[in-house]
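# Whatever this is, show me its structure:
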Amino acid sequence: MNDLAADLRGGLAIVRASWVAVAVFVVFGACVDMATHALAHSLGQQIPVEWPAFPTYAASMALAWLPSLVVSMVLVLFMIEIAAAGADRCAGKDVRMQLDFKPRVAWAVVASICLSGMLAYVLLVVLNRIEGFLGGFMMNSPGIAGTPGIDTEDPVWFSAVMNFFYLAIVAFSVARFALIPFLARHYGMGFRQAWTPQPEPVNGFIGAFRRRFFYIFLMILIVDAVLIELVGHMAASVAGKGIAYVFVELPLSILLVTVLPVSVLTHMVRSINPLITRTLGRETDYDTGK
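Numbers count the residues shown, from 1 in each chain. Model prediction:
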């Protein structure tokens, strides 16, 4: 628990050290996200109706997923560089906010996001089948079916439990590969080389860094879901649903789901220099990777 709190405090310190760049990033990310969704919707309406069913479905899926995937990769790359500068400032270095994109880091981000997406998709499909089976079982159970409201919708407790498992799957899939781009950025590793230190034992626990980030990211996802539900509902009742989404829900999600996790991972990777030194058999400089 102390390690989790230290990682979270380190991530928050990085955010505070680069708060101007973070604010610009949140606004930029919100604008890019809205523009991407508008473009995807516009292109989706131009799909010829005479296309066969499968090509139409494939094109719709591509327009729905590919823009979001590309935007996520670009935003993560930007935030990795912002967090790196913020970590330098926390370490007492007087550095300017410069974005220095490296091909190996970009490839690590692409590969990690794709692997996390595929793993999450498989696990979510399995969980969705389990949810359907359990929902049908409860509907047909004599002791439950007679309860008012159960015949038309799932119980509130069941929906809450399943939503928790959905968030846990997302957190697990992201945490499984999330360290790789940061090891590539801060220690000059390639994707295959960065794969090695992930499961190294730390304090006797295999994969301790992935496990710690899983708990932190799951907590962030839960907080994000609760805040979006509460704050977003309040803002929507005052200013309207569209305005609440643009000015409250979207920036808050970017701040919690992108900015804070990237900052936490940057702090974690910066704190494991002895582990990386043992793995590579040499000292490694944070900035040059040499």
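
# From the centre of the chain outward, give me the first residue you hit.
residue 257 (5.4 Å; C-alpha atoms, centre = their mean).

# Give me the neighbour count for the nearest residue to that residue once chain neighbours are set aside.
Of all residues not flanking residue 257 in the chain, residue 224 sits nearest, at 5.7 Å (C-beta to C-beta, 6 or more residues apart in numbering). Where you see a C-beta, it was placed from the backbone N, CA and C, and this is true even at glycine. Residue 224: 18 surrounding residues under other C-beta atoms under 10 Å.

# Now residue 224: which helix or strand?
Residue 224 is part of helix 208-239, with elements assigned from DSSP states H and E.

# hmm, back to that, correct me, but the residue nearest to residue 257 touches residue 253?
Yes. Between residue 224 and residue 253 there is a contact under C-beta atoms under 8 Å: 6.0 Å.

# mind listing what the residue nearest to residue 257 touches?
Residues counted as contacts of residue 224 (C-beta atoms under 8 Å, 6 or more residues apart in numbering) are 252, 253, 256, 257.

# Over to residue 268?
7, 10, 179, 182, 209, 212, 213.

# Can you tell me which one of the residues you listed carries the smallest pLDDT value?
pLDDT across the contacts of residue 268 is lowest for residue 209, at 78.

# and that one, how many neighbours?
Look at residue 209: counted by other C-beta under 10 Å, it has 25 neighbours.

# Helix, strand, or coil at residue 134?
Classification of residue 134 by DSSP: H, G, I helix; E, B strand; the rest coil places it in helix.

# Which one of the contacts of residue 268 is nearest to residue 241?
Of all the contacts of residue 268, residue 213 has the smallest distance to residue 241: 33.2 Å, by C-beta to C-beta.

# Next one: the closest one from residue 16, what distance?
20 Å (C-beta to C-beta, to the nearest Å).

# go on, residue 99?
Residue 99 is 20 Å from residue 16, by C-beta to C-beta.

# quick revisit: what comes up buried for the helix holding residue 224?
208-218, 220-221, 224-225, 228, 232, 235-236 (16 or more other C-beta atoms under 10 Å).

# Likewise for stretch 65-82?
Neighbour-count burial for stretch 65-82 [16+ other C-beta under 10 Å]: 67, 71-82.

# Output these as TSV; include the columns secondary structure and distance to residue 264.
Putting the buried residues of stretch 65-82 into TSV (DSSP: H, G, I helix; E, B strand; the rest coil; distance: C-beta to C-beta, whole Å) gives the following:
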residue	secondary structure	distance to residue 264
67	helix	27
71	helix	21
72	helix	17
73	helix	19
74	helix	20
75	helix	16
76	helix	13
77	helix	17
78	helix	17
79	helix	11
80	helix	12
81	helix	16
82	helix	14
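
# Output the residues you listed in CSV, with pLDDT and distance to residue 243 appended to each entry.
Shown next, in CSV, are the buried residues of stretch 65-82 (pLDDT from 0 to 100; distance: C-beta to C-beta, whole Å):
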residue, pLDDT, distance to residue 243
67, 74, 23
71, 84, 22
72, 85, 24
73, 87, 29
74, 88, 26
75, 90, 23
76, 92, 27
77, 91, 30
78, 92, 26
79, 93, 26
80, 93, 31
81, 91, 31
82, 93, 27
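
# From the residues you listed, pick the one nearest residue 160.
Lowest distance from residue 160 to these (C-beta to C-beta) belongs to residue 72, with 27.0 Å.

# where does the stretch 151-290 of the chain have low pLDDT?
For the stretch 151-290 of the chain, the stretches with pLDDT under 70 are 151-154, 196-207, 273-290.

# ranges for the helices of the stretch 101-250 of the chain?
For the stretch 101-250 of the chain, the helices defined by DSSP state H, counting those that start in this stretch cover 103-140, 142-145, 156-177, 179-187, 191-195, 208-239, 241-244, 250-254.
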